[in-house]
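**Student:** what's the 3D shape of this:
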Amino acid sequence: MTLLLQALLAARALIANPVTWTTGASARDAGNRPISSMSPDAVCFCAIGAVRRGCTLGPGLSVDYAVEGEIGRRLDAEVIRQHGPRTNCIDDSDAGLIIGVNDFKGRTATLAVFDAVIAQVRREEQIENLTQARALILDPDHWVQEIFARTADGERSHPLSEDACRFCAGGALLRVGNEDTLLIDSMAEAIERTSTRLHPEIPHGYSATVWVNDKSGHAAVIRVFDETIASLKIASLRG
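**Tutor:** From the prediction side, this is the model:
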């Protein structure tokens, strides 16, 4: 999972509960007094305060300002998409549009903006990693069936092992996912949906991805990856 996605998820979690969300200040303490979002006494946050807090790499560490800036740009772009170029909330200015949504349109509208940006970033992450997984098995000599991975000598191997160089479709996903369970699951679900759509002949109860890899051949596997990546790109363009 990228730092961008980690920070977005952390920020959203901070304002997911109405009790930990606020308006009119970046953060507040238990006495409802305005306070820095970086203060250990902060107990509720506005969207911007949550983003800043979410962009720290750990307790007491500094803010990743590059990630914070990227999140701010993406949130404001999504505000424009959902609510138009002006919120008419903050001195009739286009700056800091997510603040206007937070303070004048409410928590539900704010979360909707976060959710749309998170979905977009997830798609981008999936596209990047599925493209890497596809590259691992593009050469038929680097693709295998009925096992996750093999060495150059054809011995059984683990997908994350240094000596693994030949992979099935699932093994390629495990390799690029590198133990990121959420990423691996999201890629696997996308590949499974495409495999099911392209191969309605697969018997009920079978994993469509495994069936295509082990029964349909290398070209069919690459087609599944290509169509999955293309579908995600179209979804990204639509927003």
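**Student:** tell me which residues of stretch 40-60 come out buried.
**Tutor:** 42-56 (16 or more other C-beta atoms under 10 Å). All C-beta atoms are positioned from the backbone trio N, CA, C, and that covers glycine.
**Student:** of all pairs in these, which one is the farthest apart?
**Tutor:** 43 and 55 (18.6 Å; C-beta to C-beta).
**Student:** chain center to the helix or strand where residue 118 lies: distance?
**Tutor:** Assessed by DSSP states H and E, residue 118 sits inside helix 107-137. Taking C-alpha atoms, centre = their mean, to the nearest Å, one finds the center of helix 107-137 at 4 Å from the center of the full chain.
**Student:** could you identify the helix or strand that succeeds that helix?
**Tutor:** Following helix 107-137 in sequence, per DSSP H and E, is strand 149-151.
**Student:** buried ones in that next one?
**Tutor:** For strand 149-151, a neighbour-count test (16+ other C-beta under 10 Å) marks 149, 150 as buried.
**Student:** re the thing from before, among the buried residues of stretch 40-60, which ones are in strands?
**Tutor:** Among the buried residues of stretch 40-60, the members found in strands (DSSP state E) are 44, 45.
**Student:** what is the lowest-pLDDT residue among the buried residues of stretch 40-60?
**Tutor:** Minimum pLDDT for those is recorded at residue 56 (86).
**Student:** that one is in contact with residue 63, isn't it?
**Tutor:** Yes - in terms of C-beta atoms under 8 Å, residue 56 counts as a neighbour of residue 63; the distance is 5.7 Å.
**Student:** find residues that contact each of these two.
**Tutor:** Residues touching both residue 56 and residue 63 by C-beta atoms under 8 Å, 6 or more residues apart in numbering: residue 38.
**Student:** straight-line length of stretch 200-208, end to end?
**Tutor:** Start and end residues of stretch 200-208 are separated by 9 Å (C-alpha to C-alpha, to the nearest Å).
**Student:** now swap in stretch 168-186 and tell me
**Tutor:** Start-to-end span of stretch 168-186 (C-alpha to C-alpha) is 17 Å.
**Student:** quick check: buried residues in it?
**Tutor:** Within stretch 168-186, the residues that count as buried by 16+ other C-beta under 10 Å are 168-177, 183-184, 186.
**Student:** next up, phi/psi of the closest residue in space to residue 109 that isn't next to it in sequence, please.
**Tutor:** Excluding the flanking residues, the one nearest residue 109 by C-beta to C-beta, 6 or more residues apart in numbering is residue 101, at 5.3 Å. When read as degrees, to the nearest 10, the backbone of residue 101 gives phi -60, psi -40.
**Student:** pLDDT wise, what is residue 101 at?
**Tutor:** So residue 101 comes in at 95 (pLDDT).
**Student:** isn't it up against residue 114?
**Tutor:** No - using C-beta under 8 Å, residue 101 makes no contact with residue 114, being 10.0 Å away.
**Student:** what is in contact with the two at once?
**Tutor:** When contacts are counted by C-beta under 8 Å, 6+ apart, residue 101 and residue 114 are jointly contacted by residue 47.
**Student:** brilliant, that's me finished.
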